[in-house]
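> here is my input; please provide its structure:
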Amino acid sequence: MRNRFNLKLTGEALKFFQEVGSVGGKERAKKYSTEQLSRWGKLGGRPHKEKKAQPGAAAKPVPMPNGEALLLPVLKLLADGLEHSSQEIRERLRVQFKIASNELIQRLENGKTAFDSNIDLALAYLQGAPQGRSKAINRVSEKVYRITNHGNAILRRNPSALTIKDLQSWS
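Predicted coordinates for the structure are as follows:
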């Protein structure tokens, strides 16, 4: 049998291409052995190559989320209905967002890190600030928070993202 590239196919390769219906390219026919092509035919196609990390290449830093980007993660963290301290919220979100330790060293003028400040902003918005809107979370005691029925209603909508405008419109 000859294919559209005028290559003569025999044995396992012939069987493979009769099942598949085409060579899939002149270069592929030249590049791979009959054994490989036969094995791939049984597996349903060529396996994908796994990308290997380059030695010494650093992972791309994840940009630090702002207060608005933290609204949904904070609300989801509180979705279990239990009380969570602000310290616990910070630690769990640091891990979730893979915040680098060098970003936690940098302090703002008020002495807080930018990440902690952004979490405080998200907590304030979820508490209904600044216009006294419906609260998605309540502050149970100093630095301890719990989700409200309104917060659970927001999560039942299954939003892919949550913005300040969403909080204002869903009040």
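> which helices and strands does the helix or strand containing Q87 pack with?
Applying DSSP states H and E as the criterion places Q87 in helix 86-97. Here helix 86-97 touches helix 71-77, helix 114-126, strand 144-147, going by 3 or more CB pairs under 8 Å, 6 or more residues apart in numbering; DSSP states H and E. The way it works is simple: take the backbone N, C-alpha and C, and place the C-beta from them, glycine included.
> now with 7 Å?
helix 71-77, helix 114-126 (3 or more CB pairs under 7 Å, 6 or more residues apart in numbering; DSSP states H and E).
> spit out the contact partners of the residue nearest to K143 when sequence neighbours are not counted.
Sequence neighbours aside, S86 is the residue nearest to K143 in space, at 4.3 Å (criterion: CB to CB, 6 or more residues apart in numbering). Residues near S86 by CB atoms under 7 Å, 6 or more residues apart in numbering: 123, 143, 145.
> and S86, what's its pLDDT?
Listed pLDDT for S86 reads 95.
> that older thread, just the buried members of the contacts of S86?
123, 145 (16 or more other CB atoms under 10 Å).
> need the contacts of S86 in TSV (columns: distance to A136 and pLDDT).
Shown next, in TSV, are those (distance: CB to CB, whole Å; pLDDT from 0 to 100):
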residue	distance to A136	pLDDT
L123	10	95
K143	17	93
Y145	10	97
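> got a markdown table for the contacts of S86, with distance to L71 too?
A markdown table is the format used below for the contacts of S86 (distance: CB to CB, whole Å):
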| residue | distance to L71 |
| --- | --- |
| L123 | 9 |
| K143 | 18 |
| Y145 | 13 |
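> the helix holding Q87 to helix 114-126, inter-axis angle?
Here helix 86-97 runs at an angle of 110 degrees relative to helix 114-126 (axes from the mean of the first three to the mean of the last three CA atoms, to 10 degrees).
> that older thread, want to throw the helices and strands packed on helix 86-97 into TSV with distance to A161?
Listed next are the helices and strands packed on helix 86-97 as TSV, based on distance: least, CB to CB, whole Å:
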stretch	distance to A161
helix 71-77	6
helix 114-126	13
